[in-house]
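Enquirer: Here is a sequence with its predicted model. Questions after.
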2 protein chains.
Amino acid sequence: MTTPRKNFIGINLSGSYIRAALVTEDGRVIERRSADVSSENIVPQLATIVDDLRPALGTVVALGVAIPGLVNRQTDRVVDSRNLPLKMVEDLHGGLSRATGLRVELENDANAAAYGEFQVGAGRGSTNLFYITIGNGIGGAIILDGRLWTGASGFAGEVGHITIDTEGLPCVCGNTGCLETVASAPSIVRRARERLNRDSTSSLSRLSFNKNFTAEDVAHEAREGDDFAAMMIERTGKYIGTGVASVINLLNIERIVLGGGVMDAGPVILNPIIQEVKRRAFQPCFEATQIVIATLGLDAAPVGVALLARDAEVS
Amino acid sequence: MTTPRKNFIGINLSGSYIRAALVTEDGRVIERRSADVSSENIVPQLATIVDDLRPALGTVVALGVAIPGLVNRQTDRVVDSRNLPLKMVEDLHGGLSRATGLRVELENDANAAAYGEFQVGAGRGSTNLFYITIGNGIGGAIILDGRLWTGASGFAGEVGHITIDTEGLPCVCGNTGCLETVASAPSIVRRARERLNRDSTSSLSRLSFNKNFTAEDVAHEAREGDDFAAMMIERTGKYIGTGVASVINLLNIERIVLGGGVMDAGPVILNPIIQEVKRRAFQPCFEATQIVIATLGLDAAPVGVALLARDAEVS
């Protein structure tokens, strides 16, 4: 008889979807489930997914849930929620503990994804890491000496809201000239549209034929060799590189892991990012840093939060 | 008979001067010495100062030396030096150990000053702190969970070289639009001069009568109520506040301690800094942070490095 394997379940709960994974002790995904958030009564829905994922052999030791919000570590209650009503998630910890009988760990989704990449993704082998996710918004998380560093009140890592242009555009956060105002997916579309409107006869791009193009379309066209799209993505890379250079000069961090939909563009965006960081950062800081694209994709948060549940100090 | 008191000696070695202090175990300064750097043979000069500071009663347990450079922790050798020839300081550790018979700890000067403020100055009572010194340049240092966080290669904290304006002025570091290009002491003078040249008949300021004014003069006039000087200092405060807001959004740090000559202006610069941080930073990050002026002045580095010598793990 062999010792039953220890497994963990990780769930990423966003505003509209649920992604869950059964994860081994060393971070391999055995099975995945995904679903739309079906009702406001989220605990029974998640408990059903957990039941469905429990393996026939082996044991599930703990459950991690990544949420788009913030957890109070004293009370284990969710105290801030961005894309889900707070009422719906505030007692996730209590509800899921009772419904599943498992030890439950909650974590912010960007922190969870960072931990996933750190443990088994593009951050593997590093000790200190800054994770940046570039999609509809720009978020981030910091790992120092192998542990999440979340700051005085849990908000550390908001790299999307560092000012890179004092006189720049207004941001949703209330500031002006945030990195997010020029480098998020919607801002790529906005900049491309503005440019096409100014120069409506440009033969540079096929994009102008499709009025409802997305940042993904721009990235796709850039990869396919469209000059206009490539220029837009390159400019985005320069903005991101400006932000990354500031992170590197402030933290002298060992590795920068870049994730999120915008980074699916690959080398066409990574190269201008690295060039801009090289141009702007202190040389010894630049030389001490590896700048890489995240590798776990949509597994990052569920795997990360499963491994955070694995590594939580059990009191 | 009482137990002899344990004391520590801290020395701040800059490019041109030496400031030394005999410091008690709890960070009080008993005596101070200062001198110009007299020759390239620095070890005997420092050893004489150490001898001079050794108390008649009590013992000196260890010696800390703050340097404008970087120390390799494996070899205890100085590997980078900004204002002193590397040859002059690289074996300070070995030389001073032999010459004084004391255990010697070396530390970068900004890190030492941050640790001094953290232990017995404006950072007292905090756990996480970002120290910013604004003078001829803008430097910084980070304390997380009570310990210096110096990064992958010892360069963390370079807040003077985060980009706050992508299209800004060239900086000595090679970047453009660094905080240092608009908020250091020389940049205050440059901006004031440019403005006076553009508007040479302005009756706003008495500064225009003195062709060789310094940033200190501008700060002094601002405190005295001169409108033009106040505007210049207020603008400087806004730039610094922009940088501080980025630090706060990235690190969600508990306390910001602002030191260096420019901060001698007092509330006339602190208030616009705080206003700008409030305007730019996330509200929960702003609310979690105290922004204060350093209190130790020129004692910060010698006291800090003495206390680092106190707290070093003796192997």
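Expert: Done, it's in. Since the model is a prediction, treat every value here as computed from it, not as a measurement.
Enquirer: And the strands in the stretch 151-300 of chain A?
Expert: With DSSP state E, counting those that start in this stretch as the criterion, the stretch 151-300 of chain A has strands at A:255-259, A:290-293.
Enquirer: The nearest residue to A:G15 once chain neighbours are set aside: what secondary structure?
Expert: Of all residues not flanking A:G15 in the chain, A:N83 sits nearest, at 2.9 Å (CB to CB, 6 or more residues apart in numbering or on different chains). Yep, even glycine has a C-beta here, placed from its N, CA and C like the rest. The local conformation at A:N83, judged by DSSP: H, G, I helix; E, B strand; the rest coil, is coil.
Enquirer: need the contact list for A:N83.
Expert: By CB atoms under 8 Å, 6 or more residues apart in numbering or on different chains, A:N83 lies in contact with A:S14, A:G15, A:S16, A:P68.
Enquirer: Separate out the buried members of those residues.
Expert: Buried members of the contacts of A:N83, counted by 16 or more other CB atoms under 10 Å in any protein chain shown: A:S14, A:P68.
Enquirer: from the contacts of A:N83, which is closest to chain B?
Expert: A:P68 (15.2 Å; CB to the nearest CB).
Enquirer: Figure out how far the top helix by length along chain A is from the centre of its chain.
Expert: Secondary structure of chain A per DSSP state H: the longest helix is helix A:227-251. Centroid separation between helix A:227-251 and its chain, computed with CA atoms, centre = their mean, to the nearest Å, is 17 Å.
Enquirer: Now do it and strand A:255-259, the angle between them.
Expert: 140 degrees (axes from the mean of the first three to the mean of the last three CA atoms, to 10 degrees).
Enquirer: can I get the contacts of A:N83 in CSV with secondary structure?
Expert: Putting these into CSV (three-state DSSP) gives the following:
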residue, secondary structure
A:S14, coil
A:G15, coil
A:S16, coil
A:P68, coil
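Enquirer: Relative to B:A35, how far out is A:P284?
Expert: As defined by CB to CB, to the nearest Å, A:P284 lies at a distance of 31 Å from B:A35.
Enquirer: Neighbour count: the two, which is higher?
Expert: A:P284 (18 against 13; other CB atoms under 10 Å in any protein chain shown).
Enquirer: which residues does the more buried one contact?
Expert: Counting by CB under 8 Å, 6+ apart, A:P284 makes contact with B:D80, B:S153, B:F155.
Enquirer: who wins for neighbours among those?
Expert: Counting neighbours by other CB under 10 Å, B:F155 leads those with 23 neighbours.
Enquirer: Hmm, that one is touching A:F286, no?
Expert: No - counting by CB atoms under 8 Å, B:F155 stays clear of A:F286, with 10.1 Å between them.
Enquirer: Return every residue with contacts to both of the two.
Expert: With CB under 8 Å, 6+ apart, B:F155 and A:F286 have no common neighbours.
Enquirer: And the particular helix or strand that has A:A113 in it, what does it pack against?
Expert: Using DSSP states H and E, A:A113 maps to helix A:109-120. Contact partners of helix A:109-120 among helices and strands, from 3 or more CB pairs under 8 Å, 6 or more residues apart in numbering or on different chains; DSSP states H and E: strand A:6-13, strand A:59-67, strand A:129-134, strand A:138-144, strand A:147-148, strand A:255-259, helix A:300-311.
Enquirer: ok, and what's touching the fourth one?
Expert: Counting by CB under 8 Å, 6+ apart, the neighbours of strand A:138-144 from elsewhere in the structure are A:108, A:110-111, A:113-115, A:118, A:123, A:126, A:128-133, A:148-150, A:156-161, A:179-180, A:183-184, A:243, A:251, A:253, A:260, B:144, B:149, B:250-251.
Enquirer: Of the strands of the stretch 151-300 of chain A, which is nearest B:E221?
Expert: Closest to B:E221 of the strands of the stretch 151-300 of chain A, according to CB to CB: strand A:255-259, at 43.8 Å.
Enquirer: tilt between the closest one and helix A:300-311?
Expert: Orientation check (the same axes, to 10 degrees): strand A:255-259 against helix A:300-311 gives 130 degrees.
Enquirer: Tell me the strands beside strand A:255-259, with direction?
Expert: Here strand A:255-259 has these sheet partners by DSSP bridges: strand A:129-134 (parallel), strand A:290-293 (parallel).
Enquirer: Need the CA coordinates for the first one. PDB is fine.
Expert: So the one you mean is strand A:129-134. In PDB, the C-alpha atoms belonging to strand A:129-134 read as follows (Å, rounded to 0.1, in the frame of the first residue of the first chain):
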ATOM      1  CA  LEU A 129       9.900  38.700  -8.000                       C
ATOM      2  CA  PHE A 130       7.500  41.400  -9.200                       C
ATOM      3  CA  TYR A 131       4.500  40.100 -11.100                       C
ATOM      4  CA  ILE A 132       2.700  42.400 -13.500                       C
ATOM      5  CA  THR A 133      -0.600  41.500 -15.200                       C
ATOM      6  CA  ILE A 134      -1.600  43.600 -18.200                       C
END
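Enquirer: Quick one: the helices and strands packed on helix A:109-120 as a markdown table, columns for mean neighbour count and mean pLDDT too.
Expert: Below are these laid out as a markdown table (neighbours: other CB atoms under 10 Å in any protein chain shown; pLDDT from 0 to 100):
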| stretch | mean neighbour count | mean pLDDT |
| --- | --- | --- |
| strand A:6-13 | 26 | 96 |
| strand A:59-67 | 24 | 95 |
| strand A:129-134 | 28 | 97 |
| strand A:138-144 | 26 | 96 |
| strand A:147-148 | 18 | 96 |
| strand A:255-259 | 26 | 98 |
| helix A:300-311 | 29 | 98 |
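Enquirer: okay, these in JSON lines with distance to B:A294 next?
Expert: Below are the helices and strands packed on helix A:109-120 laid out as JSON lines (distance: least, CB to CB, whole Å):
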{"stretch": "strand A:6-13", "distance to B:A294": "43"}
{"stretch": "strand A:59-67", "distance to B:A294": "39"}
{"stretch": "strand A:129-134", "distance to B:A294": "28"}
{"stretch": "strand A:138-144", "distance to B:A294": "24"}
{"stretch": "strand A:147-148", "distance to B:A294": "29"}
{"stretch": "strand A:255-259", "distance to B:A294": "31"}
{"stretch": "helix A:300-311", "distance to B:A294": "37"}
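Enquirer: residues in contact with A:A281?
Expert: A:V244, A:A245, A:I248, A:N249, A:T289, B:H161, B:N175.
Enquirer: What is the most widely separated pair among these?
Expert: Spanning the widest gap among the contacts of A:A281 are A:T289 and B:N175, at 15.3 Å by CB to CB.
Enquirer: These two - which one has more neighbours?
Expert: For A:T289 versus B:N175, neighbours defined as other CB under 10 Å are more numerous around A:T289 (27 against 23).
Enquirer: what's the distance between A:R33 and chain B?
Expert: For A:R33, the distance to chain B equals 33 Å [CB to the nearest CB, to the nearest Å].
Enquirer: same check, this time on A:A113
Expert: From A:A113 to chain B the distance is 17 Å (CB to the nearest CB).
Enquirer: number of nearby residues for that residue?
Expert: Neighbours around A:A113, by other CB under 10 Å: 33.
Enquirer: need the residues of the stretch 101-250 of chain A near chain B, please.
Expert: Within the stretch 101-250 of chain A, the positions lying close to chain B (CB under 8 Å from any CB of the partner chain) are A:128, A:140, A:142, A:144, A:149-159, A:161-167, A:173-176, A:239, A:242, A:245-247, A:249-250.
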